[in-house]
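Enquirer: fold the following, please.
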Amino acid sequence: MNVLMGAPNIVRGGSHSGNVAASKLASLGLLDILSSDYYPASLLDAAFRVADDDSNCFTLSQAIRLVTKNPASALNLHDRGEIAEGKRADLVLAHRKGEHIHIDHVWRQGKRVF
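Expert: Sure thing, here's the model as predicted:
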């Protein structure tokens with residue numbers, strides 16, 4: 001079983017409906033997947049925030065897995081979610097500037113699309 005939380009919960013700093021905070025589950029080592037929920041742009045931002053949060057032990061690569069490999073594996077989409085031979089080669093090159101995440105390039109199935 002996987003524990004899934006909405007990425008906006010991380011970005012907002014908690015649940016907008018009073019439920020458990022995703023950051024609390026991350027600090028307890030109980031967070032497996034972050035979903036886009038109602039705000040798809042929150043995925044990368046949330047992953048960086050999880051990695052920056054000193055209350056948990058996630059590295060950046062582990063936090064990125066929350067939005068890539070872990071959800072793909074949970075849905076049995078074994079052709080994506082990680083950089084490896086034979087995978088789809090869907091990639092995003094991003095960088096952080098201050099508190100904002102900027103997308104530099106996007107590749108879909110190995111072809112640059114942005």
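Enquirer: quick one: buried residues of the longest helix along the chain?
Expert: For the chain, the helix with the greatest residue count under DSSP state H is helix 42-52. For helix 42-52, the neighbour count (16 or more other Cβ atoms under 10 Å) marks 42, 43, 44, 45, 46, 47, 48, 49, 50, 51 as buried. C-beta: built from backbone N, CA, C; applies to glycine.
Enquirer: doesn't residue 65 make contact with the last one?
Expert: The reference is to residue 51. No. Look at residue 51 against residue 65 with Cβ atoms under 8 Å: they stay out of range, at 10.7 Å.
Enquirer: spatially central residue for this protein, please.
Expert: residue 67 (2.9 Å; Cα atoms, centre = their mean).
Enquirer: Provide the secondary structure category for that residue.
Expert: Secondary structure, DSSP: H, G, I helix; E, B strand; the rest coil: residue 67 is coil.
Enquirer: got a list of what it touches?
Expert: Counting by Cβ atoms under 8 Å, 6 or more residues apart in numbering, residue 67 makes contact with 7, 33, 34, 43, 44, 46, 47.
Enquirer: quick check: the farthest pair among those residues?
Expert: Greatest spatial distance among the contacts of residue 67 (Cβ to Cβ): 33 and 44, at 14.6 Å.
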